[in-house]
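# only geometry, no sequence info:
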């Protein structure tokens, strides 16, 4: 999906589509996840790991395969829906599985730090590989390469051991997923996650537009995005080593302060090297957020509803991912890309106060 999110807007821009059209295309990667997140969470609670991932692998391979056969804008939109929905459903099943396999708060932080290295590495590999192949062999070849990645995913996960369903899953009434919002700490955690995931989405969407505006090649743009992902992966390698020494809320607040500062100066960077440096620092800041959020999420929700809680989180951040490219695509077309960066810097900075409320030690 990371490779498709870099390659498809570049193809659309090269075909003459507007920034608004590209924003619509990018929003579709999250649209399916908005509707699938809660059902996918409940499905994972009932069926475990392998069945949801198998269905996701099939959908992602079909989506990228269609882009190989028909690399035109309407098919790119369909591919975005399929690959986005597949990735979200697979992540929910994976995160639920890992959260249940861990024991205790420290092990939760360590487990989610290790798990988060995988998507971070994928966010480097996808754009970097797609950019190189586009420059040397064209868009069809890049989509063909990306179509093999879901199959590699299934190769690695096919031998994973399923965990038994929790006893509470069979003996308690499930209730409605929206009941999770009654917990104040859950609401605050999801809001903070929304601020930071929006910052991540804006970077993924705006950098290709900014690079195209400054006449950078596809491989250079892919490298800038790849540096961001590599930094996110790097910081996640270090997180398991410090997880037992640092509270989750401390790292989340630090990430928000750093993100606000980096977005403030990003528009002033006109060279690929300085853009890459900002991308690197932003990757360090945002890369440490997801493991901490997932660790706290599994501590504040009942075990038999972990899939629903993960699905609810995915629903909120992907609803934002649908709106963010549309909103900032329109906004950027009217007032320029720089204003998009400064708007994000302001919103994340204002969100620091919300993050400070995560110091509350109560667990629901």
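It's in. Fair warning: this is a prediction, and the values are worked out from it, not measured in the lab. Residues are numbered from 1 along each chain as shown.
# Quick check on residue 103: phi, psi?
phi -130, psi 110 (degrees, to the nearest 10).
# Tell me where the stretch 1-150 of the chain has helices.
Using DSSP state H, counting those that start in this stretch, the helices of the stretch 1-150 of the chain run over residues 2-14, 19-47, 50-69, 73-101, 105-137, 139-157.
# tell me which residues of the fourth one are tucked away?
In terms of neighbour count (16 or more other CB atoms under 10 Å), helix 73-101 has its buried residues at 73, 75-77, 79-100. C-betas here are computed from N, CA, C, even on glycine.
# How about the third one?
Residues of helix 50-69 classed as buried under the neighbour-count rule (16+ other CB under 10 Å) are 50, 52-53, 55-57, 59-68.
# Please enumerate the helices of the stretch 201-350 of the chain.
Under DSSP H, counting those that start in this stretch, the stretch 201-350 of the chain gives helices at 218-242, 248-265, 272-287, 289-300, 306-335, 337-350.
# Tell me which of these is the most buried.
helix 289-300 (a mean of 24; mean count of other CB atoms under 10 Å).
# Tell me the helices and strands packed up against that helix.
helix 73-101, helix 105-137, helix 184-213, helix 248-265, helix 306-335 (3 or more CB pairs under 8 Å, 6 or more residues apart in numbering; DSSP states H and E).
# mind redoing it with 10 Å?
Counting contacts by 3 or more CB pairs under 10 Å, 6 or more residues apart in numbering; DSSP states H and E, helix 289-300 packs against helix 73-101, helix 105-137, helix 184-213, helix 218-242, helix 248-265, helix 306-335.
# what mean pLDDT would you report for the second one?
Helix 105-137 comes out with an average pLDDT of 84.
# The first one now?
Along helix 73-101, the predicted confidence averages to a pLDDT of 92.
# quick one, which of the helices and strands packed on helix 289-300 is nearest to residue 354?
Comparison of the helices and strands packed on helix 289-300 against residue 354 by CB to CB identifies helix 184-213 as nearest, at 5.6 Å.
# What score does residue 360 have for pLDDT?
65.
# typo on my end, residue 166
At residue 166, pLDDT is 66.
# any chance of the helices of the stretch 1-150 of the chain in JSON lines, with distance to residue 253 too?
JSON lines is the format used below for these (distance: least, CB to CB, whole Å):
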{"stretch": "helix 2-14", "distance to residue 253": "27"}
{"stretch": "helix 19-47", "distance to residue 253": "26"}
{"stretch": "helix 50-69", "distance to residue 253": "33"}
{"stretch": "helix 73-101", "distance to residue 253": "23"}
{"stretch": "helix 105-137", "distance to residue 253": "16"}
{"stretch": "helix 139-157", "distance to residue 253": "34"}
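# right, so of those helices, which gets closest to residue 324?
helix 19-47 (7.4 Å).
# Specify the angle between the closest one and helix 337-350 in degrees.
Orientation of helix 19-47 against helix 337-350 (axes from the mean of the first three to the mean of the last three CA atoms, to 10 degrees) gives an angle of 40 degrees.
# Give me the buried positions along helix 19-47.
19, 21-34, 36-38, 40-45.
# on that earlier part again, tell me which of the helices of the stretch 201-350 of the chain lies nearest to residue 159.
helix 306-335 (21.8 Å).
# Off-centre distance for that closest one?
10 Å (CA atoms, centre = their mean, to the nearest Å).
# pLDDT below threshold where in the stretch 251-364 of the chain?
321, 325-326, 329-334, 360-364 (pLDDT under 70).
# picking up where we left off before, could you dump the helices and strands packed on helix 289-300 to a markdown table with distance to residue 6?
Shown next, in a markdown table, are those (distance: least, CB to CB, whole Å):
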| stretch | distance to residue 6 |
| --- | --- |
| helix 73-101 | 12 |
| helix 105-137 | 4 |
| helix 184-213 | 6 |
| helix 218-242 | 6 |
| helix 248-265 | 20 |
| helix 306-335 | 13 |
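# Select, out of the ones you listed, the one closest to residue 163.
helix 73-101 (5.4 Å).
# Compute the inter-axis angle for the closest one and helix 306-335.
140 degrees.
# now helix 73-101, how far from the chain's geometric center?
That offset, for helix 73-101, works out to 10 Å (CA atoms, centre = their mean).
# can you check stretch 7-25 too?
Worked out by CA atoms, centre = their mean, stretch 7-25 lies 20 Å from the chain centre.
# Any idea how far apart the tips of that stretch sit?
The straight-line separation of the ends of stretch 7-25 (CA to CA, to the nearest Å) is 11 Å.
# just stretch 327-342 next, same as before
Termini of stretch 327-342 sit 14 Å apart (CA to CA).
# For residue 335, give its distance to residue 342.
For residue 335, the distance to residue 342 (CB to CB, to the nearest Å) stands at 10 Å.
# does residue 18 really touch residue 24, like I thought?
Yes: using CB atoms under 10 Å, residue 18 is in contact with residue 24, at 9.5 Å.
# what's the burial count for residue 181?
12 (other CB atoms under 10 Å).
# Return the residues in contact with it.
187, 190, 312 (CB atoms under 10 Å, 6 or more residues apart in numbering).
# if we take those residues, which one ends up nearest to residue 141?
residue 312 (38.7 Å).
# Quick check: the closest one vs residue 297, distance?
9 Å.
# swap in residue 53?
20 Å.
# Likewise for residue 162?
Taking CB to CB, one finds residue 162 at 22 Å from residue 297.
# And for residue 281?
26 Å.
# Now residue 3. Nearest residue, chain neighbours left out?
Leaving aside its chain neighbours, residue 3 sits nearest to residue 126 (3.1 Å; criterion: CB to CB, 6 or more residues apart in numbering).
# Is it correct that residue 347 is in contact with residue 198?
Yes: at 7.4 Å, residue 347 and residue 198 qualify as touching, with contact defined as CB under 10 Å.
# All good on my end, thank you.
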